[in-house]
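Participant: quick one, fold the following:
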Amino acid sequence: MSLIYHYGVGMGRIDLNRFVELTSTAPAKIFGLFPKKGTIAVGSDADIVVFDPNHEETISVHNPKSHHMNIDYNAFEGMRVRGFTETVISRGKVVIDKGQYVGRAGDGMFVKRGPYGGAHAAMSRNAHGNGEGYLDAAQ
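Facilitator: Below you'll find the predicted structure:
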């Protein structure tokens with residue numbers, strides 16, 4: 001999120017609404033999880049992110065606030081970004097506090113989705129307007 005905010009919103013390439021779309025709504029739609037995920041609405045199960053647009057952080061494998069993977073490299077090593085996720089609330093529990101993961105194993109919940117997600121389904125439906133598959137339209 002920090003990279004998209006820094007180089008998108010921070011440099012005037014996108015506005016805040018597009019930032020939210022790119023980081024939550026669009027991925028939920030692509031993976032067939034919308035509206036269960038990707039929106040704050042009655043019946044949805046979206047995580048809430050408190051994002052500080054002024055917080056600066058250096059991305060590094062040595063920075064536990066920016067590196068949350070069990071690997072010893074980061075493609076963005078040393079990049080300084082402005083805009084940082086301070087808090088994440090998932091299913092009513094704080095799982096990231098002040099940039100640090102404070103959740104526990106098992107806190108998450110499996111959310112079943114379709115085999116291809118929303119983008120594939122939309123392409124398949126719209127290829128010929130009659131439900132024929134995307135690959136059929138290209139042949």
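Participant: look at the nearest residue to residue 66 once chain neighbours are set aside and report its pLDDT.
Facilitator: Nearest non-adjacent residue to residue 66, counting by C-beta to C-beta, 6 or more residues apart in numbering: residue 59, 4.5 Å away. In this view, the C-beta of every residue, glycine as well, is placed from N, C-alpha and C. Here the pLDDT value assigned to residue 59 is 93.
Participant: next: the one 10 residues further on.
Facilitator: Confidence per residue is given as pLDDT, and for residue 69 that number is 78.
Participant: which of the three states applies to it?
Facilitator: coil (DSSP: H, G, I helix; E, B strand; the rest coil).
Participant: and it, how far is that from residue 77?
Facilitator: 12 Å (C-beta to C-beta, to the nearest Å).
Participant: per-residue pLDDT, the residue minimising distance to the centre of the chain?
Facilitator: Closest to where the C-alpha atoms of the chain average out (C-alpha atoms, centre = their mean) is residue 23, at 4.1 Å. Predicted confidence (pLDDT) for residue 23: 94.
Participant: ok, residue 15 - contacts?
Facilitator: Applying C-beta atoms under 8 Å, 6 or more residues apart in numbering to residue 15 gives the contacts residue 9.
Participant: for residue 83, see how far away it is.
Facilitator: Residue 15 sits 14 Å away from residue 83, taking C-beta to C-beta as the criterion.
Participant: what touches both of the two?
Facilitator: Shared contacts of residue 15 and residue 83, defined by C-beta under 8 Å, 6+ apart, are found at residue 9.
Participant: need the helices for the protein, in chain order.
Facilitator: Remark: helices assigned in the chain by DSSP state H are 2-4, 16-20, 26-30, 118-126, 134-138.
Participant: rank the ones you listed by pLDDT, which is bottom?
Facilitator: helix 134-138 (a mean of 41).
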